[in-house]
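A.B. asks: My questions concern the predicted model and sequence given below.
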Amino acid sequence: MSGNVLVRAARREMHSPRTVAAVIVAILVIAVAAYLALEMILHLAAQEPLLVSPGELAQRAVELPQAGSVAAVVAVAALAAVIGIVLVVLAVAPGRRARHAIQVSAGTVVVDNEVIASALAERVRRELNLPRGAVVVGVGHRTADVTITPEAGQRIEAAEVKALVADELSGYDADRSLKIRSRIATASSRGGRR
Amino acid sequence: MNNTNRGVNRTILLVTGLVLIVGGAAAILARTWREAGDVWSSALTSSVEALQRLDTASLLPGLTQTSWLGIGIAAVLIAVAVVAVVVLARLGGGAGHAVLTSDAERGARDAIVIEQGFASDALSQTLERREEILSARVRARRIRGTDVMHVIVTPRKNTSPAEVATTVGALIANLETLVGRDLPTLVSIKSGIRSRLASDQSRAA
């Protein structure tokens, strides 16, 4: 039972809750609904409207095809549609955070990609005896990109790097296996010589 | 991590997004394409007329502007605003105070509550004393009625997450032995500004 709860907790840690977008939308909805309700109540109480009375608002909506300049109407409407598309994408896209779940003795562990990248870089750097900064690693949802800039005269095989990274990753048992891409940059690109 | 209902968040975004897309697209068509504009005008004219008829029919006795229809519309708008406020108010939360609550099975003697502070003292102080760990926090969470301990660790740069996880796991196992209960635990290993700024090793090797 607690296993289910932890799976749930880990999943929550790995996906964006979309709270910021939802808060902004909710505040705007409150503002619009409250304003319209206020105009309605003013109309019911036979008071002067703040900006437009409900009846006038409806009339303007009816007359939209003849209203204002084409450019202005289209611009506003297009902006609304684009915001709508962004919101739908936010609602439907998984919103994965840059994290991986790994299985170690501690049970459910969620690790930032950056932590994995820096650990991989350190392992490769140490095993291949490279200077600090010679190994750059990027970890994404599916891939680990390793770029090595060896010192002049040093020969490094991409396959060797791949094996090292695979070995380090096998110790993590990540939720999805990472595809390793290794690239050896030319030595001369370091140290200012071109 | 908190108890924010993500389904609600996404539903709000989806519904608002669809309304904006449909409204925007319809307005563009109505203003740029004559036939669509005619459809827009006739559809809205007939619905506005229907509303006006309903408005006059539901007027309160003796009044000229106050109708049940108007009251109803105002009520619906207020309800929408209230629902949005409730959604906002319910965001966040889910922070518990105890990492373990065990009800008494036989008399009062078996009742155990382990407060967040206790677990936090036991774990984070031990962890922070370690060389490779920059900071450690413990939070109690309640997820679907179950207490979950959330350990958030920021290790020094270039530390293997597997190593950190093993260290944390050993400490949790100790704590579990101490209290004699399983503690469901989620461990987060984070990178942050501190881990980026701190040197790889605190001392030169």
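C.D. replies: Yep, that arrived.
A.B. asks: The helix or strand A:Ala78 falls within: which residues count as buried?
C.D. replies: Here A:Ala78 sits within helix A:70-92, counting by DSSP states H and E. Across helix A:70-92, burial judged by 16 or more other CB atoms under 10 Å in any protein chain shown covers A:73-74, A:77, A:80-81, A:83-84, A:87-88, A:90-91. Every C-beta, even on glycine, is put in place using the N, C-alpha and C of the backbone.
A.B. asks: among those residues, which are in reach of chain B?
C.D. replies: Residues of the buried residues of helix A:70-92 in contact with chain B (CB under 8 Å from any CB of the partner chain): A:73-74, A:77, A:80-81, A:83-84, A:87-88, A:90-91.
A.B. asks: Looking at those residues, which is nearest A:Met14?
C.D. replies: Using CB to CB, A:Leu90 is the member of these that lies nearest A:Met14, at 16.7 Å.
A.B. asks: Pipe the ones next to chain B among the buried residues of helix A:70-92 into TSV and attach pLDDT per row.
C.D. replies: TSV is the format used below for these (pLDDT from 0 to 100):
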residue	pLDDT
A:Val73	86
A:Val74	89
A:Ala77	91
A:Ala80	94
A:Ala81	94
A:Ile83	94
A:Gly84	94
A:Leu87	93
A:Val88	93
A:Leu90	90
A:Ala91	87
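A.B. asks: what's A:Ala22 in contact with, if anything?
C.D. replies: Neighbouring residues of A:Ala22 by CB atoms under 8 Å, 6 or more residues apart in numbering or on different chains: B:8-10, B:12-13, B:87, B:91.
A.B. asks: For chain B, list the residue farthest from the centre, please.
C.D. replies: B:Gly62 (49.8 Å; CA atoms, centre = their mean).
A.B. asks: Confirm that it sits in a strand.
C.D. replies: No: applying DSSP: H, G, I helix; E, B strand; the rest coil, one finds B:Gly62 to be coil, outside a strand.
A.B. asks: per-residue pLDDT, it?
C.D. replies: Predicted confidence (pLDDT) for B:Gly62: 73.
A.B. asks: before we move on, what about B:Arg6?
C.D. replies: Predicted confidence (pLDDT) for B:Arg6: 74.
A.B. asks: That one touches A:Met14, doesn't it?
C.D. replies: No: the criterion here is CB atoms under 8 Å, and B:Arg6 misses it with A:Met14 at 11.9 Å.
A.B. asks: Show the subsequent helix or strand relative to the biggest helix by length in chain B.
C.D. replies: Criterion DSSP state H: the longest helix present in chain B is helix B:6-32. Proceeding N to C from helix B:6-32, the next assigned helix or strand is helix B:34-57, under DSSP H and E.
A.B. asks: With distance to A:Val137 as added columns, please give the ones next to chain B among the buried residues of helix A:70-92 in JSON lines.
C.D. replies: What follows is those, written out as JSON lines (distance: CB to CB, whole Å):
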{"residue": "A:Val73", "distance to A:Val137": "51"}
{"residue": "A:Val74", "distance to A:Val137": "48"}
{"residue": "A:Ala77", "distance to A:Val137": "46"}
{"residue": "A:Ala80", "distance to A:Val137": "43"}
{"residue": "A:Ala81", "distance to A:Val137": "41"}
{"residue": "A:Ile83", "distance to A:Val137": "37"}
{"residue": "A:Gly84", "distance to A:Val137": "39"}
{"residue": "A:Leu87", "distance to A:Val137": "35"}
{"residue": "A:Val88", "distance to A:Val137": "35"}
{"residue": "A:Leu90", "distance to A:Val137": "30"}
{"residue": "A:Ala91", "distance to A:Val137": "33"}
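A.B. asks: Alpha carbons of stretch B:176-184, in CSV - could you do that?
C.D. replies: Taking Å, rounded to 0.1, in the frame of the first residue of the first chain, the C-alpha atoms of stretch B:176-184 are listed here in CSV:
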residue,chain,number,x,y,z
GLU,B,176,12.9,2.7,11.1
THR,B,177,14.7,0.3,13.5
LEU,B,178,14.6,3.0,16.1
VAL,B,179,10.8,3.5,15.9
GLY,B,180,10.0,-0.1,14.9
ARG,B,181,7.8,0.9,12.0
ASP,B,182,8.2,1.2,8.2
LEU,B,183,8.5,4.8,7.2
PRO,B,184,7.4,5.4,3.6
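A.B. asks: and it, what's its mean pLDDT?
C.D. replies: 81.
A.B. asks: any idea how far chain A is from the residue farthest from the centre of chain B?
C.D. replies: Separation of B:Gly62 from chain A (CB to the nearest CB, to the nearest Å) stands at 12 Å.
A.B. asks: same check, this time on B:Asp55
C.D. replies: B:Asp55 is 9 Å from chain A, by CB to the nearest CB.
A.B. asks: Show the low-confidence segments of chain B, by residue range.
C.D. replies: For chain B, the stretches with pLDDT under 70 are B:1-5, B:92-112, B:194-205.
A.B. asks: what ranges do the helices span in chain B?
C.D. replies: Going by DSSP H, chain B shows helices at B:6-32, B:34-57, B:68-90, B:116-128, B:161-179, B:193-197.
A.B. asks: Just put those in CSV and tack on mean neighbour count.
C.D. replies: Shown next, in CSV, are the helices of chain B (neighbours: other CB atoms under 10 Å in any protein chain shown):
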stretch, mean neighbour count
helix B:6-32, 18
helix B:34-57, 14
helix B:68-90, 16
helix B:116-128, 17
helix B:161-179, 19
helix B:193-197, 13
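A.B. asks: Kindly spell out which helices and strands sit in contact with the longest helix of chain B.
C.D. replies: Using 3 or more CB pairs under 8 Å, 6 or more residues apart in numbering or on different chains; DSSP states H and E, the elements in contact with helix B:6-32 are helix A:19-44, helix A:70-92, helix B:34-57.
A.B. asks: okay, these in a markdown table with distance to B:Gly23 next?
C.D. replies: Below are these laid out as a markdown table (distance: least, CB to CB, whole Å):
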| stretch | distance to B:Gly23 |
| --- | --- |
| helix A:19-44 | 12 |
| helix A:70-92 | 6 |
| helix B:34-57 | 11 |
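A.B. asks: Which one of those lies nearest to A:Ala174?
C.D. replies: helix A:70-92 (25.6 Å).
A.B. asks: can you tell which of the helices and strands packed on helix B:6-32 is closest to A:Lys162?
C.D. replies: helix A:70-92 (35.2 Å).
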